[in-house]
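> Any chance you could fold what I've pasted below:
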Amino acid sequence: MTDGRLVPVLLIDDDENDVVLFRRALLATGAKVRLTTLDSGQAAMDYLHGVNGYSDRAQHPLPHLIFLDAHLPGISGSQVLQTIKSSIALSPIPVIVLTGAISPNETLALYRSGANAICLKPLTAGQL
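Next up is the predicted model:
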């Protein structure tokens, strides 16, 4: 965005410590973003589809970038990714998958599902 408004970014992660680290790292960059955090795959689905309290797009705008934990309880990160990338309205949104550990097979499956990047979660905000 070039008009001075904050760019909406969505972080979907169920680990509160990871959310705090991510928020700190983002603040340190000076990026002009409006960070929304969600802690489950179901909340992400509701938000992205504008249902269950997320219908007001002025209040809950579609993100320009999504950071997605690969391992969420309930609806998994890979299921959320598949839903995003199979939707005409959502598929253009870049999705960066965050994970603490990942197998080569899981990496391949995530890229085949449309992940734009996969990043290992760092232990500190400085590493992030």
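
> check contacts around residue 78.
70, 106, 109-110, 113 (C-beta atoms under 8 Å, 6 or more residues apart in numbering). (Glycine included, C-beta is placed from N, CA and C.)

> The longest helix along the chain - what's its average pLDDT?
When the chain is parsed with DSSP state H, its longest helix is helix 16-29. In this model, helix 16-29 has a mean pLDDT of 90.

> any idea which helix or strand carries residue 101?
Residue 101 belongs to no helix or strand when assigned by DSSP states H and E.

> Run through the bridge partners of the closest residue to it other than its chain neighbours.
Leaving out its chain neighbours, the residue that sits closest to residue 101 by C-beta to C-beta, 6 or more residues apart in numbering is residue 120, at 7.7 Å. Going by DSSP bridges, residue 120 is paired in beta bridges with residue 99.

> How much space separates residue 120 from residue 69?
Residue 120 sits 12 Å away from residue 69 when distances are taken as C-beta to C-beta, to the nearest Å.

> So for those two, which residue has more residues nearby?
Legend: neighbour count by other C-beta atoms under 10 Å for residue 120 and residue 69, higher for residue 69 (26 against 11).

> Which pLDDT value belongs to the nearest residue to the more buried one once chain neighbours are set aside?
Residue nearest to residue 69 in three dimensions, not counting chain neighbours: residue 13, with 4.2 Å by C-beta to C-beta, 6+ apart. At residue 13, the model reports a pLDDT of 96.

> Can you get me a residue count around residue 13?
Look at residue 13: counted by other C-beta under 10 Å, it has 24 neighbours.

> cool, and residue 59?
Neighbours around residue 59, by other C-beta under 10 Å: 9.
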